[in-house]
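Enquirer: Sequence unavailable; structure follows:
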């Protein structure tokens, strides 16, 4: 049986967001520039990390929000799905699978781990906030959370707390810049691209032979 390809939506607590001033960095160099700063951005993490960022964000602001995920976790998920005959093409934080349109929208994701608030517009993250459920039980932290939300007002707000919520709101291909690609999926894509180039070259040879 042929493998089925899929994109896995994961809770936002599987990811870490960093915000960094990157003035003068071009869209082509944004990801590599952030990757070079990973030790200072996430000094407590000593294992390899996968990075997702939208290069188009450099046209709107100098402050860039990037998402990070443990590479080992990403590759372990790929292997687990492969063991079931499924091809894990990519992983995406589930708040980013929600269709938002052109209006800046805040997605509030609720899970047992806590709350995540993501403000996004035209496929670019403008704010990413996370808090533990235990912290929200304390009045001081709960008030600070609300103040942080009010400091960045958005045109729309959506709250999602269950798989059913996301199934109703998610759309394939949304916010492609923030997909994480397992190493196995990248190797497979590279192999397919090589095969496609070889077939194109073969077809060109056949066409020349027929014309001559």
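Expert: That came in fine, so what should we check first? The model shown is predicted, which means the values in this text are computed figures rather than measured ones.
Enquirer: Identify the residues contacting the closest residue to residue 9 other than its chain neighbours.
Expert: For residue 9, ignoring the flanking residues on the chain, the nearest one in space by C-beta to C-beta, 6 or more residues apart in numbering is residue 94 at 3.9 Å. Where you see a C-beta, it was placed from the backbone N, CA and C, and this is true even at glycine. Taking C-beta atoms under 8 Å, 6 or more residues apart in numbering as the contact definition, residue 94 lies against 9-12, 109, 160, 166, 170.
Enquirer: Just those residues: which are in strands?
Expert: Assignment to strands by DSSP state E places the following of those there: 9-10, 109, 160.
Enquirer: Which member of those is positioned nearest residue 151?
Expert: Compare each of these with residue 151 using C-beta to C-beta and the shortest gap goes to residue 109, at 19.0 Å.
Enquirer: picking up where we left off before, so which of the contacts of residue 94 comes closest to residue 124?
Expert: For the contacts of residue 94, the nearest to residue 124 is residue 12 (16.7 Å; C-beta to C-beta).
Enquirer: which one is the closest one nearest to, not counting chain neighbours?
Expert: Leaving out its chain neighbours, residue 12 is closest to residue 116 (C-beta to C-beta, 6+ apart), at 3.9 Å.
Enquirer: so that neighbour is in which element?
Expert: Element membership for residue 116, per DSSP states H and E: strand 114-121.
Enquirer: Of the contacts of residue 94 - the most surrounded one?
Expert: residue 109 (25 neighbours; other C-beta atoms under 10 Å).
Enquirer: That one: what's it in contact with?
Expert: The contact partners of residue 109, by C-beta under 8 Å, 6+ apart, come to 11-12, 94-95, 115-118, 160-161.
Enquirer: export these to JSON lines and tack on distance to residue 174 and pLDDT?
Expert: Shown next, in JSON lines, are these (distance: C-beta to C-beta, whole Å; pLDDT from 0 to 100):
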{"residue": "11", "distance to residue 174": "17", "pLDDT": "93"}
{"residue": "12", "distance to residue 174": "15", "pLDDT": "94"}
{"residue": "94", "distance to residue 174": "11", "pLDDT": "94"}
{"residue": "95", "distance to residue 174": "11", "pLDDT": "95"}
{"residue": "115", "distance to residue 174": "21", "pLDDT": "95"}
{"residue": "116", "distance to residue 174": "17", "pLDDT": "96"}
{"residue": "117", "distance to residue 174": "18", "pLDDT": "97"}
{"residue": "118", "distance to residue 174": "13", "pLDDT": "97"}
{"residue": "160", "distance to residue 174": "14", "pLDDT": "93"}
{"residue": "161", "distance to residue 174": "19", "pLDDT": "90"}
